[in-house]
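Student: here is a sequence together with a model predicted from it:
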Amino acid sequence: MQETVLPGATAPFSTLLYLLIPGLPFLGFLVNGLLNKRLSGTVAGALGTLTVLGSFLLSVFLFVNFKYQYTVSLFDWISVGSLQIPFSYQIDQLSLLMLLLITGVGTLIHIYSIGYMHHDENVGKFFSFLNLFVFSMLILVLGANFVILFIGWEGVGLCSYLLIGFWNKNTSYNNAAKKAFIINRIGDLGFLLGIFLIYLTFNSVQYGEVFQKAHLSQFGNYGVGVCTAITLLLFVGAMGKSAQLPLYTWLPDAMAGPTPVSALIHAATMVTAGIYLVLRANVLFTLAPQTLEVVGIIGLATALFAATIGLAQNDIKKVLAYSTVSQLGYMFLALGVMGYTSSFFHVLTHAFFKALLFLGAGSVIHAMSNEQDMRRMGGLRKALPITFLTMLIGCLAISGIPPFAGFFSKDEILSHVYEHSKVMWAIGVFTSFLTAFYMFRLLFLTFFGEFRGTEEQRHHLHESPASMTLPLIVLAILSAVGGFMGAPMFVGKHYLADYLAPIFTYSRQILPAAFTTEPEHGTELMLMGISVLVAVAGIVLAYVQYVARAQRPAEDDAQRSAPESLIYNKYYIDELYDSLIVKPVMALSTGLYKFVENGIIDPIANGVGRVTLAGGQLLRNVQTGSVETYLILMVLGIVLILGLNFSRL
């Protein structure tokens, strides 16, 4: 192994340290996978948790001792002509924060899973897949080039398939897993084509070389069109992984997996990969303003679209799923207006409160004997006091109520959008109103009013064990105070922006105005005030409707107005895809099978086989073992030869 560094820097520590960070979860994957049913649930859970905890402690060590960016080359990997791709890691501010996020939140989710999955017969396999998920995401964020990033990218796609369909005896869960896998392959094709175009353009896939060449040339030698093509292809990959229109439909269906899986996908790993890709390639996106406009528009449309669907969902996990799609839209909206730090700020705060909300929902489902329909809940705050209080903090955070974490990150995004477009800002504010409404709709339907479940469920109600409530408490604390890492400028230092500044050095040099424009304090106070008032209005409206008036969502077979039916049925997007894509493809496949395979290919293949068999049957008569037969054949052969010779004379 060989350590290499960026110019002027020296890589500290042994390469063993860099191998251990992703290596420990991979070890947990191997051991739990090989010894699946030989280990008790507690031992399997402890092993899976300790490996991720070890990676978290090593990441903390790197973070505390970090001084400068550097790369660590582990070994020469691909060497074909001019194509040289080492297997190397890049340690910088962005990768370090992602390491802390993945391993920190991942550890809490693993601890929670010990209590949540203790009854499952395949708990060892579950923790094995969970460890593999963390390993793949660590490879994704540590990679020093686009190819290693793509390896981790495909790894998290595989793990999502394995974990969404973990309870594979249920056909609908298997279908959800296949849907996630196939839709992500569509996005991944765009990403892969983007990598090919990057290599053809820059003759390298290493981050340092690609970004430096792009910055120095300002694409004068390559053309803006090439830059736009590259970034659009990369964004297609990000759309698939981070569930943006039109490739979002897999994420709500991903709720088929165990709740800890939902938390891991939505908070700490898979869906953040698309945001990470754009942030990592920020130089290329800064050089492609047309792509940034596309990113911003699609992000805003996704945020609003998913928020409206969340208004009518009754499955507690589906509400949170569409909430994730909407919040990811906010992050892409920030990227589109070059609020790079703001987008990553929301990644961090969203990881805290979304993991909290999903794990809280899992605690409710655990107490309700696997019931997920909020229409069958109600009045749970007395039976589940810790779950209620922590989920209340999560709802306040995602709604943007100060001083909780979501307020600071969402307000910063809206502030950037306001400087870019007042219309987009107004739509973003309206979306935040919808967010506050449907999140407190979830809270009020679940924890307030009268209990609407069965007597058996009422008898079973109890607070979750400590292994589940402890992660909730830790995440609630992070959701309450995590926003102060990026407090508004007039309140204090924006620690996150200062820390991440070196990541955007090239972009700042290319377009300095985008990094220096800030709203006046009066304008910032006005925007904050409007944001808070809108969120409070959403909460009050939800309270009036679901607590004061005690309204309950209609049953599935109830009559609904056309707009209500449209939202309740999620705009019939799945049905549209089924009619326009799935059924035609299946019909084409059936037609090809019947008329091409059965009508043409099979007859040709079978005909060749029959001719071969017939020839063999005929020639076998030559090998009879009879001397008389051999003599007759010899004489016939001689006669044939003589006949051929006489014919030539």
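Tutor: Yes, it's here.

Student: could you name the helices and strands sitting against the longest strand anywhere in the chain?
Tutor: Counting by DSSP state E, the longest strand found in the chain is strand 70-80. Counting contacts by 3 or more CB pairs under 8 Å, 6 or more residues apart in numbering; DSSP states H and E, strand 70-80 packs against helix 15-34, strand 83-91. In short, each C-beta sits where N, CA and C put it, glycine included.

Student: what lines up beside it in the sheet?
Tutor: strand 83-91 (antiparallel) (DSSP bridges).

Student: okay, buried residues for the strand it pairs with please.
Tutor: For strand 83-91, burial by neighbour count (16 or more other CB atoms under 10 Å) applies to I85, P86, F87, S88, Y89, Q90, I91.

Student: point out where the stretch 201-350 of the chain drops to low pLDDT.
Tutor: 218-223 (pLDDT under 70).

Student: so where's this structure uncertain?
Tutor: 1-11, 218-223, 488-493, 647-649.

Student: at 80 instead, please
Tutor: Applying pLDDT under 80 to the chain flags the ranges 1-14, 37, 217-224, 268, 487-493, 516-521, 619-630, 633, 644-649.

Student: need the single longest helix in it, by residues.
Tutor: helix 171-202 (DSSP state H).

Student: can you map out the helices along the stretch 251-400 of the chain?
Tutor: Counting by DSSP state H, counting those that start in this stretch, the stretch 251-400 of the chain has helices at residues 259-263, 272-280, 282-286, 289-310, 316-336, 340-367, 385-399.

Student: hmm, G428 is touching L333, no?
Tutor: Yes: counting by CB atoms under 8 Å, G428 touches L333, with 6.6 Å between them.

Student: which neighbours do the two have in common?
Tutor: L300, A303, I413, V417 (CB atoms under 8 Å, 6 or more residues apart in numbering).

Student: the last one and G296: what is the separation?
Tutor: Using CB to CB, to the nearest Å, one gets 8 Å for the distance from V417 to G296.

Student: those two: which has the busier surroundings?
Tutor: When neighbours are counted by other CB atoms under 10 Å, V417 and G296 differ, and V417 comes out ahead with 28 against 23.

Student: would that one count as being in a strand?
Tutor: No: using DSSP: H, G, I helix; E, B strand; the rest coil, the assignment for V417 is helix, not a strand.

Student: nearest to A548, of the helices of the stretch 251-400 of the chain?
Tutor: Among these, helix 385-399 comes nearest to A548, with 17.8 Å by CB to CB.

Student: return that closest one as PDB; C-alpha atoms alone will do.
Tutor: C-alpha atoms of helix 385-399 as PDB (Å, rounded to 0.1, in the frame of the first residue of the first chain):
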ATOM      1  CA  PRO A 385     -44.600   9.300  26.600                       C
ATOM      2  CA  ILE A 386     -41.000   9.100  25.500                       C
ATOM      3  CA  THR A 387     -42.000   8.300  21.900                       C
ATOM      4  CA  PHE A 388     -44.500  11.200  22.000                       C
ATOM      5  CA  LEU A 389     -42.100  13.800  23.300                       C
ATOM      6  CA  THR A 390     -39.300  12.800  20.900                       C
ATOM      7  CA  MET A 391     -41.600  12.800  17.900                       C
ATOM      8  CA  LEU A 392     -43.000  16.100  18.900                       C
ATOM      9  CA  ILE A 393     -39.400  17.500  18.800                       C
ATOM     10  CA  GLY A 394     -39.000  15.900  15.400                       C
ATOM     11  CA  CYS A 395     -42.200  17.400  14.100                       C
ATOM     12  CA  LEU A 396     -41.200  20.900  15.400                       C
ATOM     13  CA  ALA A 397     -37.800  20.500  13.700                       C
ATOM     14  CA  ILE A 398     -39.100  19.500  10.300                       C
ATOM     15  CA  SER A 399     -41.800  22.200  10.400                       C
END
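
Student: in it, what counts as buried?
Tutor: 386-399.

Student: give the contact list for T249.
Tutor: Counting by CB under 8 Å, 6+ apart, T249 touches K179, I183, I573, D574, Y577.

Student: buried ones among the residues you listed?
Tutor: Going by neighbour count (16+ other CB under 10 Å), the contacts of T249 have K179, I183 buried.

Student: and which of the buried residues of helix 385-399 is nearest H460?
Tutor: Closest to H460, out of all of those and judged by CB to CB, is T387, at 14.5 Å.

Student: wait, isn't that closest one in contact with I473?
Tutor: No: at 10.4 Å, T387 does not count as touching I473 under the criterion of CB under 8 Å.

Student: quick one: Q93 from S589, how far?
Tutor: 48 Å.

Student: the two: which is more packed in?
Tutor: Q93 (19 against 10).

Student: contact partners for the more buried one?
Tutor: So Q93 contacts F66, Q69, Y499, L500, P502, I503 (CB under 8 Å, 6+ apart).

Student: include neighbour count, secondary structure and distance to G360 when you put these into CSV, please.
Tutor: Putting these into CSV (neighbours: other CB atoms under 10 Å; DSSP: H, G, I helix; E, B strand; the rest coil; distance: CB to CB, whole Å) gives the following:
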residue, neighbour count, secondary structure, distance to G360
F66, 16, coil, 33
Q69, 20, coil, 38
Y499, 17, helix, 30
L500, 20, helix, 30
P502, 14, helix, 36
I503, 22, helix, 33
